[in-house]
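Trainee: the following comprises the amino acid sequence and a computationally predicted model.
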Amino acid sequence: MFNSLINISRGAKIASIIVTIVVGLVTTAIWKTGEWWTDKPFFEPYIAVVLAREQIDFGIPAEFQAGFDSNTKNTGDYFVSHDEKKIRIQKLEDFGSIDEANRIANVLLKDENCILVLGSSNSTVTAATLDVFLTSKNPPAYILPIATATNLLSKAHTNGHDAVLRMVPKNEEQATEIQKLALTLYNQPRVAIYGDQENPLYSEDLIRDISSKIREAGGSILVEEMIGPTSSFYNSLPVWDLKRPPQVIIYAGVAHHGFLLIDQLKELEISVPLIFTDGSMISELIENISKIPNKAFVLSPVGNKTQPEVFPTYEAIGKDAYTLLNKFVKSCGDCDRTKMREIVSDAKNKRYLENGAAGDYYFDAFGENSAMPFLVYEITGGKFELKSSFQKE
């Protein structure tokens, strides 16, 4: 009888240990996938970095993350607040999916220990995240490092969320630079514009701005098409048989479908000049453009004043994002959502960071970075050359 009781006691202890281990593993897995307990996360407070690092042929988020992480090698995955508390960094993957972005945004919104969100990877998923945050009177501060759709910050301001900053210039400014570039190629250019089916908010927003500015300058738009799983450049082939076909092609989208456009132009031997918007500014674009003889350009907000010959990637924006967040956290004591929103809002109407890795940051009353211009780079034949100034007019 006594031995039986001992065996039962040992069995209970073993079972208890197994349950503890399993619960630990499960809760850790839940935390890592973003499905943590909303009332008590492992680290509090924390900052969420939400990006699509796993997307094929869209290297901007991965480049950004590499730059951000380069600053954490010596400090670890956390910031230190004004009262010397650790503010953890939690990385989340949204795969460029609206559904996943919505799911993550809802989890983060419910967890008030999330005091700030840095993301997302394009304008479409950023808009989806912002829509979730705007349903609350107590949202986390939101920093946009990549999305350029023009009206995102105006929407945030109109709906009462003023703790939103954008690190890069908006599409409206990119459209102005594209207009100037097109006019250097032709006096009254005939233009074909292609967008990206998988990032429609970015493309549609930018295409309309570009079209308007080209028409204002006396040019004409002969094509507006989307490129993606159900559409391609081939849909517009009849226009190339006109007596006066397009003289310039503009692609407003991310690199994956830009590569498709390059391949199709190569096979069709269409050699008019090409202009790629900032969504295509990754190193693989240089390699792909060398396949065709077309004069080619790409826009980017990323620049390097001291080494303009160095290829600009979003690693620089990632480094600057870390610097900005570090400044926010260092000035935050007993930090919660309310205090972080106050700090982020207070960054407006100030030259908040000068001579960053990618440029300068002056956030206006809406949170737009009015100090950073879009730059034009020529990439004809796979070569790389800066064609515009670092100074804004």
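Mentor: Thanks, I have it. What you see is a predicted model; the values in this text were computed from it and never measured. Residues are numbered from 1 along each chain as shown.
Trainee: and Glu378, how far is that from Glu63?
Mentor: 21 Å (Cβ to Cβ, to the nearest Å). All C-beta spots, glycine's among them, are computed from the backbone N, C-alpha and C.
Trainee: I meant Asn159, not that one.
Mentor: Asn159 is 31 Å from Glu63, by Cβ to Cβ.
Trainee: out of Glu378 and Glu63, which sits in the busier spot?
Mentor: Looking at Glu378 and Glu63 with other Cβ atoms under 10 Å, you find the greater number of neighbours at Glu63, namely 22 against 16.
Trainee: not counting the strand or helix carrying that one itself, show me its contacts.
Mentor: With secondary structure defined by DSSP states H and E, Glu63 is part of helix 60-69. Applying Cβ atoms under 8 Å, 6 or more residues apart in numbering, the external contacts of helix 60-69 come out as 49, 51-53, 55, 91, 121, 145-146, 254, 279, 281-282, 313-322, 357.
Trainee: where's that helix relative to the chain centroid, distance-wise?
Mentor: Here helix 60-69 is found 10 Å from its chain centre; the criterion is Cα atoms, centre = their mean, to the nearest Å.
Trainee: that helix: what's the following helix or strand?
Mentor: Past helix 60-69, the next helix or strand by DSSP H and E is strand 78-80.
Trainee: now that next one: buried residues?
Mentor: Of all the residues in strand 78-80, those buried under the rule 16 or more other Cβ atoms under 10 Å are 78-79.
Trainee: show me what that strand is packed up against.
Mentor: strand 86-93, helix 315-330 (3 or more Cβ pairs under 8 Å, 6 or more residues apart in numbering; DSSP states H and E).
Trainee: parallel or antiparallel, list what pairs with that strand.
Mentor: Note on strand 78-80: by DSSP bridges, its sheet partners are strand 86-93 (antiparallel).
Trainee: can you show me the helices along this structure?
Mentor: 2-32, 60-69, 98-110, 123-133, 152-158, 171-185, 200-216, 255-268, 283-289, 315-330, 337-346 (DSSP state H).
Trainee: re earlier: relative to strand 86-93, how tilted is the helix holding Glu63?
Mentor: 160 degrees (axes from the mean of the first three to the mean of the last three Cα atoms, to 10 degrees).
Trainee: got the angle between helix 60-69 and helix 255-268?
Mentor: 140 degrees.
Trainee: now helix 60-69: average pLDDT?
Mentor: Over the span of helix 60-69, the pLDDT mean works out to 93.
Trainee: count of residues packed around Tyr234?
Mentor: Tyr234, neighbours per other Cβ under 10 Å, totals 11.
Trainee: just give the closest residue to it, not the sequence neighbours.
Mentor: In space, and not counting its chain neighbours, Tyr234 is closest to Gln264: 6.8 Å by Cβ to Cβ, 6 or more residues apart in numbering.
Trainee: just name the most buried of the helices and strands packed on strand 78-80.
Mentor: helix 315-330 (a mean of 22; mean count of other Cβ atoms under 10 Å).
Trainee: contacting residues around it?
Mentor: Against helix 315-330 from outside (Cβ under 8 Å, 6+ apart): 47, 63-72, 79-82, 87, 116, 118, 141, 143, 145-146, 165, 167-168, 301-302, 304, 335, 340, 343-344, 347, 352-353, 356-359, 361.
Trainee: cutoff 7 Å now
Mentor: Contacts to helix 315-330, defined as Cβ atoms under 7 Å, 6 or more residues apart in numbering, come from residues 47, 63-68, 70-71, 79-82, 87, 118, 143, 145, 167-168, 302, 335, 340, 343-344, 353, 356-358, 361.
Trainee: and those, which are buried?
Mentor: Neighbour-count burial (16+ other Cβ under 10 Å) applied to those gives 47, 63-68, 71, 79, 81, 87, 118, 143, 145, 167-168, 302, 335, 340, 343-344, 353, 356-358, 361.
Trainee: and the chain, what are its domains?
Mentor: As assigned by automatic domain parsing, the chain contains the domains 46-169+313-363, 171-300.
Trainee: distance check, the residue nearest to Met167 when sequence neighbours are not counted against Gln65.
Mentor: Nearest residue to Met167, sequence neighbours excluded (Cβ to Cβ, 6+ apart): Pro145, at 4.8 Å. Distance of Pro145 to Gln65, given as Cβ to Cβ: 10 Å.
Trainee: and of the domains of the chain, who's closest to Phe384?
Mentor: domain 171-300 (6.1 Å; Cβ to Cβ).
Trainee: how long is the closest one from one end to the other?
Mentor: Taking Cα to Cα, to the nearest Å, domain 171-300 runs 11 Å from one end to the other.
Trainee: tell me how far that domain lies from the chain's centre.
Mentor: When distances are taken as Cα atoms, centre = their mean, domain 171-300 is centred 21 Å away from the chain's centroid.
Trainee: quick one: average confidence on it?
Mentor: Average pLDDT, domain 171-300: 95.
Trainee: do stretch 96-108 as well
Mentor: Per-residue pLDDT over stretch 96-108 has a mean of 96.
Trainee: can you give me the offset of that stretch from its chain's centre?
Mentor: Counting by Cα atoms, centre = their mean, stretch 96-108 is centred 15 Å from the centre of its parent chain.
Trainee: if Val49 is in a bridge, with which residues?
Mentor: Lys91, Leu118.
Trainee: state the distance from it to Gly253.
Mentor: 24 Å.
Trainee: excluding sequence neighbours, find me the nearest residue to the most centrally placed residue in the chain.
Mentor: With distances taken as Cα atoms, centre = their mean, the residue of the chain nearest its centroid is Ile146 (2.5 Å). Among residues not flanking Ile146 along the chain, Ser121 sits closest, at 5.7 Å (Cβ to Cβ, 6+ apart).
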